[in-house]
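In: sharing a model prediction with you, sequence too.
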Amino acid sequence: MAAAVIWQRRRPGTGVTTLLVMLFAIAYWSFNNFVEISVTSFSAKMIVTMALYAGIVVVPTGWLIFILQYTGRESWLTRRNLSLLAIMPIVTMVVVATNPLHNVFWTDMSLTTIDGLAVLSTEFGPAFWVHAVYSYLLLAIGAVLLIQTMLRSPQVYRGQAVWLLVGTFTPWVSNAFYIFDISPLPAYLDPTPLAFSITGITFAWNIYRFRLMDIVPIAKDIIIDNLVDPVIVLDTDNNIVQANATALELLDASANDATGKPVQEVITDQEELMARFRHVEQAHDVVTMTFHGESYIFDLNIIPLRTRQGDLTGRVIMLHDITALKTANRNLVIARIEAEEANRLKSEFLATISHELRTPLNAIIGFSDLMLSDIAGVELDERGLHMTQRINANGKELLELINDLLDLSKIEAKEMETVEEPFSPRGIIEDLHTRMAGLAEKRNLTFRIEMDSSLPDTVIGDPSYVRRVATNLLSNAFKFTEEGTVTLEARALSDGERWRISVSDTGIGIPEEALKYIFDPFRQVDGTSRRVYGGTGLGLAIVYELVQTMKGDI
């Protein structure tokens, strides 16, 4: 009863309700047995004896139901099977209650006095023996199922099973001694209730020592069987103790075929691998295995199983299939190598073409410059002047595109090297002001320079790259500003290690949604801008790459 009360206060688990019913039935049986000894009248003893069978018939049936739940065989407990299990207890209670009418359960009942104690003497009838055989049969079936589970379970579950067997069979062995009149106690004294005290002690020990009903084999089995990865449990002799459904499918074997056999007999054609990990207690590795003519790559985990004392009882082998992942990674590496090679060829092609085109373009631009100047002594009419100016402008625009392509290809090919040398930021800003002043005047724009007093006199870096970046940004600002101001600002940052150049203007601006791609090659915010303002869409891409090369931010 104490064990039942303790369990009732604990969290419900698989089989707990059945075990509680069984324990209360045992308590009811023991209590009525005590009452039967205490009362003295024949009628009272007969009524109490009949009443205590309400507990007796529950115990073997409850035991079998509990074992089925405990060992993960709940699927057996169908409505039909439960109905069949209930037939014998119900029939037994009916026969016991009506025994005075037919004397089938007890053929004779009489009151005698032994050593001054009123004792109810009984002669067992055929119905009693049918009930006894049925009860012991249920106990035997439950014991076999429990022993099977015990033999293939880790140490903690074996401890549970052993004490369950001890606690259950002690009173029933005592009851058998009483029935067959071989008990060392007086014949009128049934030792079964006394033996049930051992049941209470062993079950209470199971609660605290082995956490009975907190951890049960069914939970382990459900977890292992529902894992998508193959899991194999080995004993210390490398025999397969358990394998989940995924592992059995991979091995093309049934549970009966695999269980109990050496792992090397079930996993064939893997001699080298078996020898490598035969005595390894714990490992994590990537292995290649062949099953059904197909090659698999597994992430292998070997985990040791130990007792509380640290003794090795077996190993768990887990295989996670990473074939698809490895194949994808291999394909990614191949694709990256191919992309890098294609990019290298593209850069080489652009560099070659750029060099080949620059020579004739420089000649075209040079001759057109001469024709437009007074040096050549060529007099052009209005139409010839217009065409020469157009040739010169288009040639310079094409040369700018070729130069940008050449620079971009060099940057992508990592052929442009930076230098680290001291230079004056103020000197670069003033030089830019001088170089861009003519362009500002030509476009009738105000060009403003702002240099903060925090700007250092000397910094370390690549002055040519800085000048190229600032020039490109200023050129864009002048190109897209039709009226107003272009401002170049320079200041030191608060960390004292970096400085910043910013270019702002009163031009058409950049929409916020376009900011994510303005540094992409050949991208312009609006396709019409190229026709209206010119440009190739490479300027900001080159600026971005140059800034990244200098380990800066834009």
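Out: Arrived safely, thanks for sending.

In: ok, and for the helix or strand where residue 147 lies, which residues are buried?
Out: Residue 147 is part of helix 126-151, with elements assigned from DSSP states H and E. Buried residues in helix 126-151, counted by 16 or more other Cβ atoms under 10 Å: 127-128, 130-132, 134-135, 138-139, 142-143, 145-146, 149-150. Every C-beta, even on glycine, is put in place using the N, C-alpha and C of the backbone.

In: which of those sits closest to residue 367?
Out: residue 149 (98.9 Å; Cβ to Cβ).

In: what's around residue 325, how many residues?
Out: With neighbours defined by other Cβ atoms under 10 Å, the count for residue 325 comes to 12.

In: how is it assigned, secondary-structure-wise?
Out: Judged by DSSP: H, G, I helix; E, B strand; the rest coil, the three-state class of residue 325 is helix.

In: what does the pLDDT read for it?
Out: The per-residue pLDDT reported for residue 325 equals 87.

In: please apply the same query to residue 185.
Out: At residue 185, the model reports a pLDDT of 62.

In: domain-wise, how is the chain divided?
Out: 2-218, 227-321, 331-412, 421-549 (automatic domain parsing).

In: and the helix holding residue 147, what other elements does it pack with?
Out: Identification of packing neighbours for helix 126-151 by 3 or more Cβ pairs under 8 Å, 6 or more residues apart in numbering; DSSP states H and E yields helix 58-70, helix 79-97, helix 155-179.

In: I'd like to know which elements the first one is packed against.
Out: Helix 58-70 sits against helix 16-38, helix 79-97, helix 126-151, helix 217-225, with contacts defined as 3+ Cβ pairs under 8 Å, 6+ apart.

In: least reliable of those helices going by mean pLDDT?
Out: Among those, helix 217-225 carries the lowest mean pLDDT (a mean of 59).

In: for the residue nearest to residue 285 when sequence neighbours are not counted, helix, strand, or coil?
Out: Of all residues beyond its chain neighbours, the one nearest residue 285 is residue 300 (5.0 Å), with distances taken as Cβ to Cβ, 6 or more residues apart in numbering. Three-state call for residue 300 (three-state DSSP): strand.

In: residue 300 and residue 231: what is the separation?
Out: Look at residue 300 and residue 231: by Cβ to Cβ, to the nearest Å, they are 12 Å apart.

In: okay, and the common contacts of these two?
Out: 317-319 (Cβ atoms under 8 Å, 6 or more residues apart in numbering).

In: buried deepest among the domains of the chain, which one?
Out: domain 2-218 (a mean of 17; mean count of other Cβ atoms under 10 Å).

In: poorly predicted segments of the stretch 201-350 of the chain, please.
Out: The stretch 201-350 of the chain contains residues with pLDDT under 70 at 201-223, 307-309.

In: and the helices in it?
Out: Ranges of helices in the stretch 201-350 of the chain, per DSSP state H, counting those that start in this stretch, are 217-225, 245-251, 255-258, 263-266, 271-277, 323-372.

In: next: the stretch 351-500 of the chain.
Out: For the stretch 351-500 of the chain, helices defined by DSSP H, counting those that start in this stretch occupy the ranges 382-412, 425-442, 463-479.

In: residue 198 sits in which helix or strand?
Out: Under the criterion of DSSP H and E, residue 198 resides in helix 192-209.

In: okay, the closest residue to residue 21 other than its chain neighbours: pLDDT?
Out: Leaving aside its sequence neighbours, residue 21 sits nearest to residue 62 (Cβ to Cβ, 6+ apart; 5.5 Å). The score at residue 62 is 87. That number is its pLDDT.

In: pull the contacting residues for residue 62.
Out: The contact partners of residue 62, taken as Cβ under 8 Å, 6+ apart, are 18-19, 21-22, 25.

In: compute the distance between it and residue 510, please.
Out: Distance of residue 62 to residue 510, computed by Cβ to Cβ: 80 Å.

In: what do you get for residue 141?
Out: 83 Å.

In: is residue 118 in contact with residue 38, as I believe?
Out: No. Taking Cβ atoms under 8 Å as the definition, residue 118 is not a contact partner of residue 38, at 9.7 Å.

In: and residue 519, what is it in contact with?
Out: 540-541, 543-544, 554.

In: cutoff 10 Å now
Out: Contact partners of residue 519, counting by Cβ atoms under 10 Å, 6 or more residues apart in numbering, are 539-545, 547-548, 554.

In: per-residue pLDDT, the closest residue to it other than its chain neighbours?
Out: In this structure, residue 519 finds its nearest non-sequential neighbour in residue 544, 4.0 Å apart by Cβ to Cβ, 6+ apart. Predicted confidence (pLDDT) for residue 544: 89.

In: report the secondary structure state of residue 544.
Out: At residue 544 the chain is in helix, as set by three-state DSSP.

In: separation between the residue nearest to residue 21 and residue 511?
Out: 78 Å.

In: re earlier: closest to residue 48 out of the contacts of residue 519?
Out: residue 548 (95.6 Å).

In: that closest one is in what secondary structure piece?
Out: Using DSSP H and E, residue 548 sits in helix 539-549.

In: who does that helix touch, helix- and strand-wise?
Out: The contact analysis (3 or more Cβ pairs under 10 Å, 6 or more residues apart in numbering; DSSP states H and E) places helix 539-549 against helix 382-412, helix 463-479.

In: quick one: end-to-end distance for stretch 486-499.
Out: Stretch 486-499 has an end-to-end distance of 20 Å (Cα to Cα, to the nearest Å).

In: now that stretch: average pLDDT?
Out: Averaged over stretch 486-499, pLDDT sits at 88.

In: likewise for stretch 448-456?
Out: Averaging pLDDT along stretch 448-456 gives 90.

In: just the C-alphas of that stretch, formatted as CSV.
Out: Extracted in CSV, the C-alpha atoms of stretch 448-456 (Å, rounded to 0.1, in the frame of the first residue of the first chain):
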residue,chain,number,x,y,z
ARG,A,448,33.2,73.2,-52.0
ILE,A,449,36.0,71.6,-50.0
GLU,A,450,35.5,70.9,-46.2
MET,A,451,38.5,69.6,-44.3
ASP,A,452,38.0,69.1,-40.5
SER,A,453,40.7,70.1,-38.1
SER,A,454,40.8,66.5,-36.9
LEU,A,455,42.2,65.4,-40.2
PRO,A,456,45.8,64.1,-39.6
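
In: how close does residue 362 sit to residue 81?
Out: In terms of Cβ to Cβ, residue 362 sits 98 Å off from residue 81.

In: again but with residue 499, I slipped
Out: Here residue 499 is placed at a distance of 85 Å from residue 81 (Cβ to Cβ).

In: likewise residue 485?
Out: Distance, residue 485 to residue 81, using Cβ to Cβ: 93 Å.

In: perfect, I'm done here.
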